[in-house]
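Asker: when you get a sec, could you give me coordinates for this:
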Amino acid sequence: MEIIKKIRNSKFFKLFSNLYILTSLVFFIWIFFIDSNSILVNLKLKKEINELNERKLLLEKQIEIDKKIISNLKNPDSLEKYAREELYMKKDNEDIYIIEFKE
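Answerer: Predicted coordinates:
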């Protein structure tokens, strides 16, 4: 009996036996962790959005680079140079030797 009296007189018991505090606590737990639109889910989605925006910027830069390459390839001489250097194409009567340097 003495233990029960100590528990009932404790600050925590009085605090958590209050209906408003108990309801608020349940509400905050629900909002932060359980709900499908919880704070944790929103933070995760914001992080993913930021990563996708960064990827979008990188891809837009790559598109600009590719557009420049395409505009350069309209010239037959630069097209032949690109084909030889990047795609390792050759004419029928040629031999190509690829030299790679190790760093």
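
Asker: show me what the strand or helix carrying Leu22 is packed up against.
Answerer: Element membership of Leu22 [criterion: DSSP states H and E] is helix 19-29. Counting contacts by 3 or more CB pairs under 8 Å, 6 or more residues apart in numbering; DSSP states H and E, helix 19-29 packs against helix 11-17. Where you see a C-beta, it was placed from the backbone N, CA and C, and this is true even at glycine.

Asker: state the mean pLDDT of the helix it packs on.
Answerer: The average pLDDT for helix 11-17 rounds to 71.

Asker: state the distance from the nearest residue to Asn72 once chain neighbours are set aside to Ile3.
Answerer: Leaving aside its chain neighbours, Asn72 sits nearest to Ser78 (4.9 Å; criterion: CB to CB, 6 or more residues apart in numbering). Ser78 is 89 Å from Ile3, where distance means CB to CB, to the nearest Å.

Asker: these two: which is more packed in?
Answerer: Ser78 (13 against 7; other CB atoms under 10 Å).

Asker: okay, that one: pLDDT?
Answerer: Looking at Ser78, the pLDDT reads 86.

Asker: shaky segments in the protein?
Answerer: 1, 4-8, 13, 15-16 (pLDDT under 70).

Asker: mind naming the longest helix for it?
Answerer: Using DSSP state H, we find that the single longest helix of the chain is helix 39-72.

Asker: now do that one: which elements does it pack against?
Answerer: Applying 3+ CB pairs under 8 Å, 6+ apart, one finds that helix 39-72 makes contact with helix 76-86.
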